[in-house]
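K.L.:
Give me a model of this one.
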Amino acid sequence: MSVDFGDSRTGIAACDKSELLASPVCVISEKDFDVCMDKVADVAKERGAELIVVGYPKNMNNTIGERAEKCKAFASGITAKTGIETVLWDERCTTVSANNYLNVTNTRGKKRKAVLDAVAATIILESYMGYRKNCK
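P.N.:
The predicted structure follows:
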């Protein structure tokens, strides 16, 4: 399972056991950090997640900023709440890519806003699955 953590909306994606197909699951609209962690932990437990990949927004010059630190704390909190291993995964440009995918499918307005973060989470998960496939 993957998470694109945001201050207002957090996207969730999941894959099948064979790690062939990643799909958007949902977007959690929650501004409270701890409540969002609880909701993500609930989704992970419901889906039987064995690993959670959390997007890690490094700066373009590869430094770690405030946003990345917040995602790191979020990942640690998820592990503490669920006992499920979390991995931080570089998510630079995933929202840009998600916007491009939604442009191609002509997804606009409220519907776009509702799925953007789940699509970004899917891109994060696909990237991580590709890494695992090539490094095993």
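K.L.:
ok, which stretches of the chain are strands?
P.N.:
Secondary structure of the chain by DSSP state E: the strands cover 2-4, 9-15, 22-29, 52-56, 86-90.
K.L.:
Only the buried residues of stretch 53-63, if you could.
P.N.:
In terms of neighbour count (16 or more other CB atoms under 10 Å), stretch 53-63 has its buried residues at Val53, Val54, Gly55, Tyr56, Pro57, Lys58. To be clear about C-beta, it is placed using only N, CA and C from the backbone, and glycine gets the same treatment.
K.L.:
ditto for stretch 73-86
P.N.:
Buried-residue list, stretch 73-86, by 16+ other CB under 10 Å: Phe74, Ala75, Gly77, Ile78, Thr79, Lys81, Thr82, Ile84, Thr86.
K.L.:
The third one is in contact with Asp38, isn't it?
P.N.:
It refers to Gly77. No - assessed by CB atoms under 8 Å, Gly77 is found out of contact with Asp38, at 9.3 Å.
K.L.:
Mind pulling up the pLDDT for the closest residue to Val87 other than its chain neighbours?
P.N.:
Distance criterion CB to CB, 6 or more residues apart in numbering; nearest residue to Val87, sequence neighbours excluded, is Val53 at 5.1 Å. pLDDT recorded at Val53 is 96.
K.L.:
who does Val53 bridge with?
P.N.:
Counting by DSSP bridges, Val53 forms beta bridges with Ser2, Val87.
K.L.:
list the contacts for it?
P.N.:
Contacts for Val53 (CB atoms under 8 Å, 6 or more residues apart in numbering) come out as Met1, Ser2, Val3, Thr86, Val87, Trp89, Ile124, Leu125, Tyr128.
K.L.:
Save the buried residues of stretch 73-86 as a markdown table, and put in distance to Thr10 too.
P.N.:
As requested, the buried residues of stretch 73-86 are arranged in a markdown table below (distance: CB to CB, whole Å):
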| residue | distance to Thr10 |
| --- | --- |
| Phe74 | 9 |
| Ala75 | 12 |
| Gly77 | 13 |
| Ile78 | 11 |
| Thr79 | 16 |
| Lys81 | 14 |
| Thr82 | 15 |
| Ile84 | 16 |
| Thr86 | 14 |
